[in-house]
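[1] Fold the following and give me the result.
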Amino acid sequence: MYNIIRKTTAGAPDLNQIYQHSLQLLSTLISTPSFSSDEMLTADAIESFLNLSGVNTFRKYNNVWCYNKHMDAEKPTILLNSHHDTVQPNGQYTRDPFNPAIEDEKIFGLGSNDAGGSLVSLIAAFLYFFERDDLPFNLCLAATAEEETSGELGIRSILGDLKDISFAIVGEPTGMQMAIAEKGSMVLDCVAKGRCGHAAREEGDNAIYHALKDIEWFRTFQFPIMDGQPQPVKMSVTEIRAGIQHNIIPAECHFTVDIRYDHNYNERELINMIINHTSSYFKIRPNVLKPSFIDLTHPIVVSGCSLGRATYLSPTSSDQGWLDVPSIKMGPGNSARSHTADEYIGIDEIEEGINIYIAILESLDLTHHKNVLRFEKVTDINPG
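    As a prediction, the model looks like this:
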């Protein structure tokens, strides 16, 4: 059972108690299966935890969100977001993935690193500021679902329900460094066409050979970019299927292309380039994630840099791609541990995450940045 967080004699929330509650909540989340689209029980646990901490919550599907106690419509609102769904445990686990065992100052279990540590740390930071009436900003905390599958009932389903957001911190395991840009994600299902024939005779038109030409283009093509900048687009053929029998020339060859791209290109430009260089037919899968980018002069980036946080371009995607406001991706843990067997996060990593989240928010200077704090809707680009 959680108690309302005590305050120190100086009137500030008791950080030691916040650390303990965060670990207790993370243990609860680990021990409660929450595969994408089946997160009802962890949503219940998060909502109960916040309610017992004196916070009024809102809920839609398996998404839970709330605001600081003293909201002021004249102040910008910062979104603190992370997800509570997990992938399925892989077959290489040597531990019970749902047993939140603590060993060697580490807490093990499915979702501990991705993204339970980030989520409980953001919740802790939110509770630290919850009752403050002198904040220069508002806080919106959102614990969301279906991140691992980019599902329609995740964060996208509540963006229209939230109060206007000015910018965001998205909690993912980054070692508490700041991802100031994140590649978008698009998946193509392609089919190269040929004509059936007998393999023993000079008949048919082999679809595999047509597919190979396109696959080689996807493998080798480099999109133009300024000198000294990282490659903006990465295209990887990840699946291929063709043929029904050894002696029949295949009429179709199906293959899948995973595309990651940064803010230098949009969907339309990518699609036009692919159409102009390949002959295969293709369909774009739903749930295309937009790339994200935040200016280095944005107050949240300046605040992080003042605390010694490094900035980098993230190759992985997250719920950042659904947001239409500036954001950084930042959280305790290590991205390399995500989706691996015997996942874990260090207890010290969680405490550091809580401390740095609090420090970044406390050191924010919003005085001269009104122009970057306006809420702006960005229209999606749909390929023609």
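[2] Distance from stretch 252-261 to the middle of the chain?
    22 Å (C-alpha atoms, centre = their mean, to the nearest Å).
[3] Could you do stretch 217-229 as well?
    25 Å.
[4] So residue 303 lies in a helix, does it not?
    Yes. Counting by DSSP: H, G, I helix; E, B strand; the rest coil, residue 303 is located in a helix.
[5] What lies in contact with stretch 257-270?
    Stretch 257-270 has contacts (C-beta atoms under 8 Å, 6 or more residues apart in numbering) with 181, 183-188, 190, 218, 223, 225, 229-230, 232-238, 282, 284, 288, 291-293, 313, 315, 317, 381-384. Placement of C-beta: from N, CA and C, glycine included.
[6] Repeat that for stretch 101-113.
    Stretch 101-113 has contacts (C-beta under 8 Å, 6+ apart) with 23, 26-27, 29-31, 34, 84-87, 89, 95, 97-100, 116, 173, 333-334, 337-338, 342-348, 350.
[7] Take the residues you listed and keep only those in helices.
    Counting by DSSP state H, the contacts of stretch 101-113 place 23, 26, 27, 29, 30, 31, 347, 348, 350 in helices.
[8] tell me the phi and psi of residue 268?
    Backbone torsions for residue 268, taken as degrees, to the nearest 10, come to phi -60, psi -40.
[9] which residues in this protein form helices?
    So, for the chain - with DSSP H - the helices run 15-31, 40-52, 117-129, 207-220, 267-277, 299-306, 347-362.
[10] what's the spacing between the spatially most central residue of the chain and residue 112?
    Taking C-alpha atoms, centre = their mean, the centroid of the chain lies closest to residue 318, which sits 1.9 Å from it. From residue 318 across to residue 112, the span is 17 Å (C-beta to C-beta, to the nearest Å).
[11] picking up where we left off before, Throw the ones in helices among the contacts of stretch 101-113 into TSV and include pLDDT and neighbour count, thanks.
    Converted to TSV, those look like this (pLDDT from 0 to 100; neighbours: other C-beta atoms under 10 Å):
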residue	pLDDT	neighbour count
23	97	19
26	98	24
27	98	19
29	98	27
30	98	26
31	98	17
347	97	19
348	97	11
350	97	25
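[12] and the residues you listed as CSV, adding distance to residue 252?
    Below are the ones in helices among the contacts of stretch 101-113 laid out as CSV (distance: C-beta to C-beta, whole Å):
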residue, distance to residue 252
23, 53
26, 48
27, 50
29, 45
30, 45
31, 47
347, 53
348, 54
350, 50
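[13] Could you point out which of these is nearest to residue 323?
    Closest approach to residue 323 among those (C-beta to C-beta): residue 29, at 23.1 Å.
[14] That closest one contacts residue 118, correct?
    No. Applying C-beta atoms under 8 Å, one finds residue 29 not in contact with residue 118, separated by 11.5 Å.
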